[in-house]
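# Fold the stuff below for me.
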Amino acid sequence: MKLKNRQLIVVVTLIAALVGVVGLLALPVLVQAGPDLPPRNPPNRAEADDDDDDGGALIGAYIVLQAQGGSWAGVQWQDEAGTWRAVEGWQGSLSPDGSRRWWVAARDFGRGPFRWVVMTGPGGAVVATSAPFDLPTQANQIVLVTVAP
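As a prediction, the model looks like this:
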């Protein structure tokens, strides 16, 4: 009888551990801020080169920021409560000419509202925010937003 009790304890412990691992794997999905945000990771170089001469690569478009002041920029989306939330993966340093570009997948065309936030650096003071905008609506379209302090 003791052996069966030990076997039962081992089986229950293994099941509990398995449930815990599955729960940890699901955690990033559960804590993602908001439904159906744009992809966090940009496509690889071949996918982003959508110049229509490659016979079927992934279709997309771009959002482009042209800013004066600041050295860092990020994109935010507005949730149903009106709160602006950072889009993970759409933050980075500005180029020397004050621009930043992000690729947009076709499945995200027309979504919004979004806005650009220009900062002094990662986590730094906000220099300026753009007016709200929607993502491009068609392939190869560029939504250009200019921001000045």
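# Check which residues of the helix or strand encompassing Arg101 are buried.
Using DSSP states H and E, Arg101 sits within strand 99-105. Residues of strand 99-105 classed as buried by neighbour count (16 or more other CB atoms under 10 Å): Arg100, Trp102, Trp103, Val104, Ala105. Any C-beta I mention is one placed from the backbone N, CA and C, and that applies to glycine too.
# what's the longest strand in the chain?
Assignment by DSSP state E gives strand 84-93 as the longest strand of the chain.
# Just checking: what are the partner strands of that strand?
strand 72-78 (antiparallel) (DSSP bridges).
# mind giving me the domain split of the chain?
For the chain, the domain assignment from automatic domain parsing gives the residue ranges 1-31, 59-147.
# Would you reformat the ones you listed as CSV and include mean pLDDT?
Formatted as CSV, the domains of the chain follow (pLDDT from 0 to 100):
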stretch, mean pLDDT
domain 1-31, 49
domain 59-147, 95
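# and among the ones you listed, the most buried is which?
Ranked by mean neighbour count, the domains of the chain are led by domain 59-147 with a mean of 16 (mean count of other CB atoms under 10 Å).
# Please enumerate the helices of the protein.
Along the chain, counting by DSSP state H, helices occupy 2-30, 45-48.
# partners of Trp102 in the sheet?
Ile63.
# Spit out the contact partners of it.
Pro42, Tyr62, Ile63, Val75, Trp90 (CB atoms under 8 Å, 6 or more residues apart in numbering).
# Also Arg115?
Arg115 neighbours (CB under 8 Å, 6+ apart): Val75, Gln76, Gln78, Trp84, Thr129, Ser130, Ala131, Pro132, Phe133.
# could I get those residues as JSON lines with distance to Val147?
Compiled in JSON lines, those are given as follows (distance: CB to CB, whole Å):
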{"residue": "Val75", "distance to Val147": "12"}
{"residue": "Gln76", "distance to Val147": "13"}
{"residue": "Gln78", "distance to Val147": "17"}
{"residue": "Trp84", "distance to Val147": "15"}
{"residue": "Thr129", "distance to Val147": "7"}
{"residue": "Ser130", "distance to Val147": "5"}
{"residue": "Ala131", "distance to Val147": "9"}
{"residue": "Pro132", "distance to Val147": "12"}
{"residue": "Phe133", "distance to Val147": "11"}
